[in-house]
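> Sequence first, predicted coordinates after that:
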Amino acid sequence: MSMSDYVSARCAAYRVFSALVLSLFISGVALADRAQALQSESQGNYAKAAKSWLQLANEGDPLAQYNLALLYRIGRGVIKDSQLYKYWLSMSARSGFAEAYILLNNQAVQPTNLRVHIRIQQDPGSWLAAQNPSYYTLQLASSTRKAQIQKYYEENGLAGKGDYYVSRRSGEDWYSLVYGVYPTVGDAKAAIDALPAPLKKWSPWVRNIKSIQRIMVR
């Protein structure tokens, strides 16, 4: 992506951001966080912007996922990574963000509505692989029954907020479900109390993301 292409894509994001301000589905906190991230970018502090976009992206914000993808594509504030670019762009498109959909589908016709209903398959472990290895997550459950973990993942709407991964123990496949990304152990422990009741079912515990990335079967 050339700088002119990046500027064009960012201008599109700003236009969409202005439209989304009018939406009743966006909380004041989310708008403030978006505005802060945009301000960091305007000031040239891409590292700070990337950190803000990542936090929002992990919460399922499609605009943040789109903007984070652009940063990964050109290597601004983060290490250039084509896989993470495609991952976050896909997540944004899956959430119905039109600009992300267009970038993924160069031949696509410009949709008339902002939200485009598409389904992009997310492979188990792909969300985890995209996270900062120095951060922490909450492991919610672990089982040899893939269907059980997958059902729990889908019924609780964890796409973009968590993941399930496969590891091997004594020659047997185990499927584990995780939720959230937290910079410190303390933050992760504090988040346990705030979890919805269904996510506390099997007593969540804190896991270092790097340790999970090491054992994941991909």
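Thanks, I have the structure now.
> ok, now how distant is the residue nearest in space to the middle of the chain from residue 94?
What sits nearest the mean C-alpha location of the chain, by CA atoms, centre = their mean, is residue 58, with 3.7 Å. To residue 94, residue 58 is 14 Å away according to CB to CB, to the nearest Å. In this view, the C-beta of every residue, glycine as well, is placed from N, C-alpha and C.
> got it, and residue 82?
From residue 82 to residue 94 the distance is 18 Å (CB to CB).
> got it, and residue 206?
28 Å.
> Between those two, which is the more surrounded one?
residue 94 (23 against 17; other CB atoms under 10 Å).
> from what I can see the more buried one touches residue 159, true?
Yes: using CB atoms under 8 Å, residue 94 makes contact with residue 159 at a distance of 7.5 Å.
> Strand partners (parallel or antiparallel) of the longest strand along the chain?
For the chain, the longest strand by residue count, based on DSSP state E, is strand 172-182. Using DSSP bridges, strand 172-182 pairs in its sheet with strand 136-143 (antiparallel), strand 162-169 (antiparallel).
> Residue 63 is nearest to which of these?
Proximity to residue 63 (CB to CB) singles out strand 162-169 among the strands paired with strand 172-182, at 20.2 Å.
> Distance from that closest one to the middle of the chain?
Centre-to-centre, strand 162-169 and its host chain are 17 Å apart (CA atoms, centre = their mean, to the nearest Å).
> what comes into contact with it?
124-128, 137, 140, 146, 149-150, 153, 173-180, 212, 215-217 (CB atoms under 8 Å, 6 or more residues apart in numbering).
> Show me the helices in this structure, by range?
With DSSP state H, the ranges of helices along the chain come out as 3-20, 28-42, 46-58, 62-74, 82-94, 98-104, 126-129, 146-155, 185-193, 209-215.
> Run through who's touching stretch 77-95.
Contacts of stretch 77-95 (CB under 8 Å, 6+ apart): 45-51, 57, 60, 62-63, 65-66, 68-75, 99-101, 103-104, 116, 118-120, 122, 126-127, 130, 159-160.
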